[in-house]
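# Only the shape, not the letters, is given here:
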């Protein structure tokens, strides 16, 4: 590699380093700016935001009413806003209806409340199959829905972002919002899992 | 465009594994590719729709082989080269230099950022024209195949569904991705049955998708 001869196509890691070097030399980016953005999505913005929204909706009927009527407004009032959160629509799961969210064309996802999407959400298998055979795929992913539960799939094709309000598990009536939030998973807020009080 | 990105309903991709321990970024370069991808829109004077179209413009094998953040990096490069912020071949040359090769830098680029009217930040817009459709109407998704960027996926084209909600108006990605203007339109959530989309043997479910006004026609 160091003898000056031509090598194979540079790795994606090296290309990343190269682009950063070019943009840094041009004064267009700096390490602090990049690190700030990275740290925000590693530490500050993630499913814990959405979990606090869900827990509050479960424990505060007035908030839930507001959340269902104006998801964006209610979520912004909790302090969660930003890119990929221009218009958030909350959809509620029940025994009769199960909602699940996808972006078949890319990876649209409600960043302010869930952070960046996980690998499975971006996987071609998820993007291709959840719109065509959701019950089969959800079962493969560990969620075996009752036959009597209808499935509604939301394909996030424009700038509306869909956020699933999972069902509150039975036996959690005495739990605080904080305790409830700790049980709410990212996967339940996309609709590929349910919230399990035992976990 | 009919590209590799338009995955709804395609078959043969296998199953989905969830890694409950997945970190936000598995490797440090992925975080940096994400951050530069996010910044590349502003630096290149483009927009989110042009970025999404950039992902689609990658060769299908690149799209798949480079992984998610690899795509972001390649798309950042693409937009920055298109806009003349960095030279074509500059990243390749720099990467080879970092690896110890002796390669010249390409000639400096000529700045060529797109010029077009923007009606504000973000994608949502207030528009004066009344909605052409209303909730409850039966509509058919257009069969027209856009050669450029579109948010009308192949699997709903030509299919009949019903409008279930009117959403905030938004810039038309088909226009903004190509810098021809904004053409802000009403957006509707349309519901399709699985039978309509996938045939009578389809697994029972319903599909809801957001369609721009010009993607639809009324079924009489």
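That came through fine. No experiment lies behind these values; they were computed from the predicted model shown.
# ok, the spatially most central residue of chain B - contacts?
What sits nearest the mean C-alpha location of chain B, by CA atoms, centre = their mean, is residue B:52, with 3.2 Å. Contacts of residue B:52 were listed using CB atoms under 8 Å, 6 or more residues apart in numbering or on different chains, and they are A:105-106, B:149, B:173, B:177. C-beta here means a position set from N, CA and C on the backbone, and glycine is covered the same way.
# which one among those residues gets closest to residue A:135?
Taking CB to CB as the measure, residue A:135 lies nearest residue A:105 of the contacts of residue B:52, at 22.5 Å.
# How about the secondary structure of the closest one?
Under the three-state scheme (DSSP: H, G, I helix; E, B strand; the rest coil), residue A:105 adopts coil.
# can you pull the buried residues of stretch B:154-167?
Neighbour-count burial for stretch B:154-167 flags B:154-157, B:159, B:161-163, B:167 (criterion: 16 or more other CB atoms under 10 Å in any protein chain shown).
# Not counting sequence-adjacent ones, nearest residue to residue 137?
Assuming you mean chain A. Leaving out its chain neighbours, the residue that sits closest to residue A:137 by CB to CB, 6 or more residues apart in numbering or on different chains is residue A:129, at 4.6 Å.
# looking at chain B here, not the other one
Per CB to CB, 6+ apart, closest to residue B:137 is residue B:163, 5.1 Å.
# Can you name the residues that contact the one you found?
For residue B:163, the contacting residues are B:133-137, B:139, B:188-191, by CB under 8 Å, 6+ apart.
# Buried ones among those?
Counted by 16+ other CB under 10 Å, the contacts of residue B:163 give B:133, B:139, B:188-190 as buried.
# three-state assignment of the closest residue to residue B:218 other than its chain neighbours?
With sequence-adjacent residues excluded and distances taken as CB to CB, 6+ apart, residue B:218 is closest to residue B:139, at 5.9 Å. Classification of residue B:139 using three-state DSSP returns strand.
# on that earlier part again, from the buried ones among the contacts of residue B:163, which is closest to residue B:28?
Among the buried ones among the contacts of residue B:163, residue B:189 lies closest to residue B:28 (CB to CB), at 39.1 Å.
# Quick check: that closest one is in a strand.
Yes - according to three-state DSSP, residue B:189 belongs to a strand.
# Looks to me like residue B:161 is in a strand.
Yes - counting by three-state DSSP, residue B:161 is found in a strand.
# Show me what it bridges to in the sheet.
Here residue B:161 sits in beta bridges with residue B:139, going by DSSP bridges.
# Now for the residue nearest to residue B:189 when sequence neighbours are not counted, which secondary structure element holds it?
Nearest non-adjacent residue to residue B:189, counting by CB to CB, 6+ apart: residue B:165, 4.1 Å away. According to DSSP states H and E, residue B:165 maps onto strand B:160-170.
# How far away from the center of its chain is that strand?
19 Å (CA atoms, centre = their mean, to the nearest Å).
# what's the answer for stretch A:105-123, then?
Here stretch A:105-123 shows a centroid-to-chain-centroid distance of 5 Å under the convention CA atoms, centre = their mean.
# Check stretch B:100-114 too.
27 Å.
# re the thing from before, could you give the backbone dihedrals for the residue nearest to the centre of chain B?
Torsion angles at residue B:52 (phi, psi; degrees, to the nearest 10) stand at phi -60, psi -40.
# try residue A:162
Taking degrees, to the nearest 10, you get phi -100, psi 140 for the backbone angles of residue A:162.
# the strands in chain A, which residues?
All strands of chain A, identified by DSSP state E, fall at A:87-92, A:97-102, A:150-155, A:160-165.
# ignore the last one, chain B
B:138-141, B:160-170, B:185-193, B:206-212, B:216-218.
# and these as JSON lines, adding mean pLDDT?
Formatted as JSON lines, the strands of chain B follow (pLDDT from 0 to 100):
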{"stretch": "strand B:138-141", "mean pLDDT": "98"}
{"stretch": "strand B:160-170", "mean pLDDT": "98"}
{"stretch": "strand B:185-193", "mean pLDDT": "98"}
{"stretch": "strand B:206-212", "mean pLDDT": "98"}
{"stretch": "strand B:216-218", "mean pLDDT": "94"}
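# got the domain boundaries for the chain?
The chain I'm using is chain A. A:12-43, A:47-190 (automatic domain parsing).
# that's the other chain; I wanted chain B
Domains of chain B are assigned by automatic domain parsing as B:1-115, B:138-218.
# Starting from chain B, give me the distance back to the most centrally placed residue in chain A.
In chain A, the residue lying closest to the centroid (CA atoms, centre = their mean) is residue A:114, at 3.8 Å. Between residue A:114 and chain B the computed distance is 11 Å (CB to the nearest CB, to the nearest Å).
# give the contact list for that residue.
Each residue near residue A:114 by CB under 8 Å, 6+ apart is listed here: A:46-47, A:49-50, A:163, A:186, A:189-190.
# picking that back up, my guess is the residue nearest to residue B:218 contacts residue B:217. True?
Yes - using CB atoms under 8 Å, residue B:139 makes contact with residue B:217 at a distance of 6.6 Å.
# what residue ranges in chain A score low on pLDDT?
Scanning chain A for pLDDT under 70 picks out A:1-7, A:199.
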